[in-house]
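**Q** sequence? don't have it. structure:
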C-alpha cells in the first residue's frame, strides 16, 4: 500500500521538475533575446573557409590520435571485395548405355488363404465357443481352465529358468506390457 503512494508521489515530483525546467528555459530564451538585440555585432567578416580533407589527411590524423609517429607510412588502401559471380552450370550428360534395362515384371508371391499357427494342423482359424447347457457343465469348464492356468504357470517357471526363455519373457513384457512412461521408477542402487 505504501509502495503505491510512493509511486504516485514520485510521478508528481517528476512532472513538477519537468514543468520547472520548461519555465527556466523560456525565461533564459527571453532574456537572451533582450540582451542580444541591444548588442551589435562587431565582427562582420565571414568564417574562414575550410578546405576539403583528403583521405590521406584523415588517415594521418587518425594515426596521430592512436600514437603512431607521423613519419610512418600510411597503410595501403583497402582493395574492394570481389563481387559474387554466378557459377557456371554445365548440363548433366549421362554416359551412353549399352542396352536399356528390361521393364520390371516381378511380383511377390500370393499370400496363403488360411493362416495356421505352429502346432495347428487342420483346424479352422476361429473356433466357436462351446454351448453350456447346465450349471454342472459351467462349473466343470471353469475348473478345467483353472487347472490349465496352474499347469501353464509350471511351464512358465521352467521356461524362466533358462537364459533364452528369460530373454524371451523380457522381450514379450517390453512389447505387450505397459509403456515405460507408465511404469514405476526402477530404484536400482538406492539405499
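**A** Right, received. Where do you want to start? The structure displayed is predicted, hence computed values, not measured ones. Residues are numbered from 1 along each chain as shown.
**Q** Okay, helices next: where are they in the chain?
**A** 2-38, 55-66, 135-161, 163-176 (DSSP state H).
**Q** Tabulate those helices (a markdown table), appending distance to residue 110, mean pLDDT and mean neighbour count.
**A** No exception for glycine: its C-beta is placed from N, CA and C like everyone else's. Shown next, in a markdown table, are those (distance: least, CB to CB, whole Å; pLDDT from 0 to 100; neighbours: other CB atoms under 10 Å):
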| stretch | distance to residue 110 | mean pLDDT | mean neighbour count |
| --- | --- | --- | --- |
| helix 2-38 | 83 | 83 | 9 |
| helix 55-66 | 86 | 84 | 11 |
| helix 135-161 | 36 | 74 | 10 |
| helix 163-176 | 29 | 85 | 10 |
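**Q** Which one of those lies nearest to residue 184?
**A** Proximity to residue 184 (CB to CB) singles out helix 163-176 among the helices of the chain, at 13.9 Å.
**Q** Just want the angle from the closest one to helix 135-161.
**A** 120 degrees (axes from the mean of the first three to the mean of the last three CA atoms, to 10 degrees).
**Q** could you say what helices and strands helix 163-176 packs with?
**A** In terms of contacts (3 or more CB pairs under 8 Å, 6 or more residues apart in numbering; DSSP states H and E), helix 163-176 is packed against helix 135-161.
**Q** what's the helix it packs on packed up against?
**A** helix 163-176.
**Q** centre of the chain versus the helix it packs on, how much separation?
**A** 37 Å (CA atoms, centre = their mean, to the nearest Å).
**Q** ok, now stretch 155-166?
**A** That offset, for stretch 155-166, works out to 46 Å (CA atoms, centre = their mean).
**Q** now swap in stretch 80-89 and tell me
**A** With CA atoms, centre = their mean, you get 34 Å for stretch 80-89.
**Q** returning to what we had before: with distance to residue 84 as extra columns, can I get the helices of the chain in TSV?
**A** Converted to TSV, the helices of the chain look like this (distance: least, CB to CB, whole Å):
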stretch	distance to residue 84
helix 2-38	53
helix 55-66	27
helix 135-161	70
helix 163-176	56
